[in-house]
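1. could you look at this predicted model? Sequence included:
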2 protein chains.
Amino acid sequence: MQTRIRGVLAPVVTPFKADLSPDPQRFVAHCRWLVSQNAGLAFFGTNSEANSLSLSERLALMDALLESGIPPARMMPGTGCCALPDSVELTRKAVAAGCSGVLMLPPFFYKNVSDDGLFRSYSEVIQRVADDRLRIYLYHIPPVAQVPITATLIERLLKAYPKTIAGIKDSSGDWNHTAMLLETFQSQDFDVFCGSEVFLLQTLRGGGAGSITATGNVNPAMIHDLFCHWQSADADALQARITGIRRAFETLPLISALKAAIAWKRNDAQWREVRPPLVSASAEKARALEESLAGLGFDMPGL
Amino acid sequence: MQTRIRGVLAPVVTPFKADLSPDPQRFVAHCRWLVSQNAGLAFFGTNSEANSLSLSERLALMDALLESGIPPARMMPGTGCCALPDSVELTRKAVAAGCSGVLMLPPFFYKNVSDDGLFRSYSEVIQRVADDRLRIYLYHIPPVAQVPITATLIERLLKAYPKTIAGIKDSSGDWNHTAMLLETFQSQDFDVFCGSEVFLLQTLRGGGAGSITATGNVNPAMIHDLFCHWQSADADALQARITGIRRAFETLPLISALKAAIAWKRNDAQWREVRPPLVSASAEKARALEESLAGLGFDMPGL
């Protein structure tokens, strides 16, 4: 049986060229560094600006990554789109490539949709992909998608597709919700990842699988260290340090902050580019972030 | 100078086959009927399940419609997507085909984005399409997109692109908001369409251009009648009748209700199909809708 992916995964930020087209070279280079730091690649996530990319751009970036020689077992691409055929095409490609799983947003345009409709949505993807190797991690991120994945829906999906529904990323930002997921579904071979490493220690103590987290893009080694040593005496101190770095990034819009830090550490200003509707951090704000990160002893070793 | 489109437009509902693929034959047939009833075609809107369609499906449906011989001057397709290249491609195609304008959602995945980011988003599309014939109608629908188009943003866009920014569809559901738009921007050659015909009479009395409305799919003639005779003595009575029919449709999720009514009047059950995450109206609920509509004297003449 295939071992499921665990630990720290980064929703890989997507670099853009000056004309706003995705940059496969910078993308693969960043992925290589992440893997060297023991982070898995949850590319095409919220922090990847995946929904700001066309389907063909996503397929081309995935091809570049697959051709890089990085093991697909370290990959969990986001494949949940508003349009069923897009979700199916991306999911099929991920499964065929041997990715460890896919992280699947619900269709997010319509609000207040029924669990029946969401069940139907996941169900159609599963049946159309029709591959026993498919492992779906549900993506619960109500602050952004505004379409929650309820416990009732999870229960129903697990009952219908016990081998396929492998877990969830909980980006509710609410620890009580993550705790509920851990308590309710842990016995059913359902892996819970917290959506921010701020909750990593609590998640691991509750039996969770790790964290799929924005800041995994910039601070993977330290977060991975906590994942490995969560039972050690200094785990709480390490969590506090990790949380402090996270909070520094959160003083700016997160995606712009991550890119500003990568641009800084790689000495490559092009990394600051984001696609509309986002805006890059101003030089002034980027400078302030650098100072506060330097004060926290933040580094991106191996760059 | 090109005359701008006014009056009643329907966000054309998209028919699906049993395998959930879009059905160009039924789509064109419905469009022909709408045009025969004096409704313009705001296809690829919210009620069209446009965001549940892939880009290639949208391009194919647009081709089918353009080949039908219906004048593109009656068309205002929705072209606003989350991904910039998708918005550009659809908008380019619409302009090249001679459509009267495009109805453009803001990118709707990220929430709480800045006016700077949204301005940049519209601006990039306008500059990339780079065609003097482009007329953009902004699409304000905060209950669904959750990304509002503020008066400040409109002002800024009008200043930068006075000929291109042609108007707005206000689907806020809040008459005070529509009234504010009419008062603030009317002097700037900016056409305000209400997003529900419930506000049509008020909109026209305030100097607005018409209504782009879901129920335009099923009750276009009566709504067009009010558009033509809004200054007549019986305008309020007609508005009340139109509103009554709208309210009957609103007893079900609107898209399912519209499709159920078309299926009923065309005697074609396949019309009831919707794509996930939506669900079709049950036979029982469809029956109840038919009864309540029949009681209101509702008809779709000419089918």
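-> Good, I have the coordinates.
2. three-state assignment of the nearest residue to A:C81 once chain neighbours are set aside?
-> Closest residue to A:C81 apart from its sequence neighbours, by CB to CB, 6 or more residues apart in numbering or on different chains: A:S87 at 4.7 Å. Every residue, glycine included, has its C-beta placed from N, CA and C. Using DSSP: H, G, I helix; E, B strand; the rest coil, the structure places A:S87 in helix.
3. please report the distance of A:S87 from A:S121.
-> 8 Å (CB to CB, to the nearest Å).
4. residues from the stretch 201-303 of chain A in reach of chain B?
-> A:R275, A:P276, A:P277, A:L278, A:V279 (CB under 8 Å from any CB of the partner chain).
5. pretty sure A:R26 contacts A:V12?
-> No - contact criterion CB atoms under 8 Å: A:R26 and A:V12 do not qualify, at 10.8 Å.
6. can you tell me if stretch A:154-163 touches chain B.
-> No - applying CB under 8 Å from any CB, one finds stretch A:154-163 out of contact with chain B, separated by at least 13.1 Å.
7. show me what contacts the residue nearest to A:C81?
-> A:T79, A:G80, A:C81, A:M104, A:P107, A:V125 (CB atoms under 8 Å, 6 or more residues apart in numbering or on different chains).
8. so what's the residue count around the fourth one?
-> So that's A:M104. Using other CB atoms under 10 Å in any protein chain shown, A:M104 has 25 other residues around it.
9. for it, give the beta-bridge partners.
-> A:L138 (DSSP bridges).
10. quick check: the gap between it and A:Y139.
-> 6 Å.
11. any common contacting residues for those two?
-> A:G78, A:G80.
12. what secondary structure does A:F193 sit in?
-> Applying three-state DSSP: A:F193 is strand.
13. is it true that it touches A:Y139?
-> No - A:F193 is beyond contact range of A:Y139, at 9.8 Å (criterion: CB under 8 Å).
14. more neighbours, these two?
-> More crowded of A:F193 and A:Y139, by other CB under 10 Å: A:F193, with 31 against 28.
15. show me what contacts the more buried one?
-> A:L9, A:Y137, A:G167, A:I168, A:K169, A:D170, A:T203, A:G208, A:A209, A:G210, A:S211, A:I212.
16. and if we set it to 7 Å?
-> By CB atoms under 7 Å, 6 or more residues apart in numbering or on different chains, the contact set of A:F193 is A:G167, A:K169, A:G208, A:A209, A:G210, A:S211, A:I212.
17. of the residues you listed, just say which sits nearest to B:N112.
-> Checking those against B:N112 by CB to CB gives A:K169 as the nearest, at 20.6 Å.
18. quick one: the helices in the stretch 51-200 of chain A?
-> A:55-66, A:84-97, A:115-129, A:142-145, A:151-160, A:175-185, A:200-205 (DSSP state H, counting those that start in this stretch).
19. so what's the spatially most central residue of chain A closest to, chain neighbours aside?
-> Nearest residue to the geometric centre of chain A (CA atoms, centre = their mean): A:P11, 3.4 Å. Counting by CB to CB, 6+ apart, A:P11 lies nearest to A:G45, which is 2.9 Å off, once chain neighbours are set aside.
20. cool, and A:F199?
-> A:W175 (5.5 Å).
21. separation between the one you found and chain B?
-> According to CB to the nearest CB, to the nearest Å, A:W175 stands 21 Å off from chain B.
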